[in-house]
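# this one's structure only:
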Ligand SMILES: [Zn+2]
């Protein structure tokens with residue numbers, strides 16, 4: 001793999017998961033002609049957010065919390081990659097058009113793999129005018145300058161500029177991976193590896209949050225949940241349990257911080273259809289536990305799935 005020329009200013013995630021794989025899609029062209037740059041201290045999203053916020057606080061690439069509120073690490077890196085297409089230098093837009101049309105389709109259909117994007121300036125092949133697809137903070141179309149006839153400017157949000165999962169998801173989109181394939185891959189990964197957050201809403205009058213800290217402290221998350229679920233569902237009162245990956249994207253998506261027990265996502269969740277929940281990577285598990293049952297489990301100070309199994313099946 002080609003070596004990252006500036007690891008201080010081009011994140012490892014962007015280099016390894018986006019730039020190199022994208023350049024590998026067009027193997028007949030030298031990478032130096034395709035890797036047209038990331039970090040420059042100038043207006044716009046090629047600049048690192050720390051410098052930009054200090055020097056141009058009203059810059060258009062600092063609008064909205066995902067651009068403006070960031071960790072020192074996220075603030076170090078360039079937030080846009082210019083993908084050059086030598087084939088377009090002579091007016092042949094067939095190759096830049098492949099990837100530009102994928103961005104256009106994703107923008108038009110709200111493809112979930114666009115969550116990390118700020119804007120993409122590019123060239124779809126049907127006319128000479130370049131296209132600008134803006135994703136954040138509001139979705140809109142604009143016409144960028146003529147330099148984008150020959151390169152795609154791929155701007156990501158500050159909070160994702162060093163996120164390897166986000167960069168891999170963006171590559172999935174650019175490489176033309178079918179959405180269903182990506183979703184299946186993501187789901188199986190999450191099943192195997194990702195910590196989950198759980199939230200249970202009792203059908204009656206109370207709400208119980210089961211957050212990951214609690215899970216991590218008392219159960220192995222992946223292995224413990226089926227046992228917990230069994231305990232929760234072994235009683236006759238109605239409850240719905242939602243679960244979703246415990247990652248920054250989902251916290252942001254839901255607008256809640258479940259590390260705080262008083263931050264209640266139930267009103268929002270209740271407005272979503274099953275399809276929308278699926279789209280957002282949330283899953284519903286229908287169960288029939290009671291508040292007492294849950295509290296009994298929670299208060300047991302159980303430390304292992306085996307102990308939980310005892311709670312679930314006292315006679316076993
Ligand atoms: Zn650019």
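Nice, I can see it. Since this is a predicted model, take the numbers as computed values, not measurements. Residues are numbered from 1 along each chain as shown.
# OK, now which residue of the stretch 1-150 of the chain is nearest to the ion?
The ion sits closest to residue 82 of the stretch 1-150 of the chain, with a gap of 4.2 Å, by CB to the ion. Bear in mind the C-beta positions are built from the backbone N, C-alpha and C, glycine included.
# so that residue sits against residue 152, correct?
Yes: Residue 82 sits in contact with residue 152 when judged by CB atoms under 8 Å, with a separation of 7.2 Å.
# before we move on, the earlier item: what strand or helix carries the residue of the stretch 1-150 of the chain closest to the ion?
strand 80-84 (DSSP states H and E).
# packing partners of that strand?
On a contact count with 3 or more CB pairs under 8 Å, 6 or more residues apart in numbering; DSSP states H and E, strand 80-84 meets helix 31-34, strand 151-156.
# most tightly surrounded among the ones you listed?
Each of the helices and strands packed on strand 80-84 was assessed for mean neighbour count using mean count of other CB atoms under 10 Å. The highest is strand 151-156, with a mean of 25.
# what about the residue lying closest to residue 145 once chain neighbours are set aside, distance to residue 52?
Spatially, and ignoring its direct neighbours in sequence, residue 145 is nearest to residue 130 (7.3 Å; CB to CB, 6 or more residues apart in numbering). Between residue 130 and residue 52 the distance is 24 Å, computed by CB to CB, to the nearest Å.
# helix, strand, or coil at residue 133?
Here residue 133 is recorded as strand under DSSP: H, G, I helix; E, B strand; the rest coil.
# apart from its chain neighbours, what residue comes closest to the closest residue to the ion within the stretch 151-300 of the chain?
Checking the stretch 151-300 of the chain residue by residue against the ion with CB to the ion singles out residue 153 as nearest, at 3.4 Å. In space, not counting the residues next to it along the chain, residue 153 is nearest to residue 121; the distance is 4.0 Å by CB to CB, 6+ apart.
# who's in contact with the residue of the stretch 1-150 of the chain closest to the ion?
Taking CB atoms under 8 Å, 6 or more residues apart in numbering as the criterion, residue 82 is in contact with 36, 37, 38, 46, 151, 152, 153, 154.
# so what does the helix or strand hosting the residue nearest to residue 153 touch, helix or strand wise?
Of the helices and strands defined by DSSP H and E, residue 121 is found in strand 117-122. With contacts defined as 3+ CB pairs under 8 Å, 6+ apart, strand 117-122 has these neighbours: helix 94-109, strand 131-134, strand 151-156.
# show residues contacting stretch 127-139.
63-64, 66-67, 100, 103-104, 107, 114, 117-124, 140-146, 148-149, 157.
# write the PyMOL selection for whichever of the residues you listed are buried.
Selecting the buried subset of these in PyMOL, with 16 or more other CB atoms under 10 Å as the burial test, is done by:
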select buried, resi 66+67+100+103+104+107+114+117+118+119+120+121+122+123+124+144+148+149+157
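# and the stretch 1-150 of the chain, which residues reach the ion?
residue 82 (CB under 5 Å from the ion).
# and residue 56, what pLDDT?
Listed pLDDT for residue 56 reads 97.
# now for the nearest residue to it once chain neighbours are set aside, how many residues are close by?
Counting by CB to CB, 6+ apart, the nearest residue to residue 56 once its immediate chain neighbours are dropped is residue 43, at 6.0 Å. By other CB atoms under 10 Å, 13 other residues sit near residue 43.
# distance-wise, check residue 43 relative to residue 65.
Residue 43 is 20 Å from residue 65, where distance means CB to CB.
# dump the residue contacts of residue 148.
Residue 148 touches 121, 122, 123, 130, 131, 132, counting by CB under 8 Å, 6+ apart.
# do that again at 10 Å, thanks
If a contact means CB atoms under 10 Å, 6 or more residues apart in numbering, then residue 148 has 82, 88, 96, 100, 120, 121, 122, 123, 129, 130, 131, 132 as its contacts.
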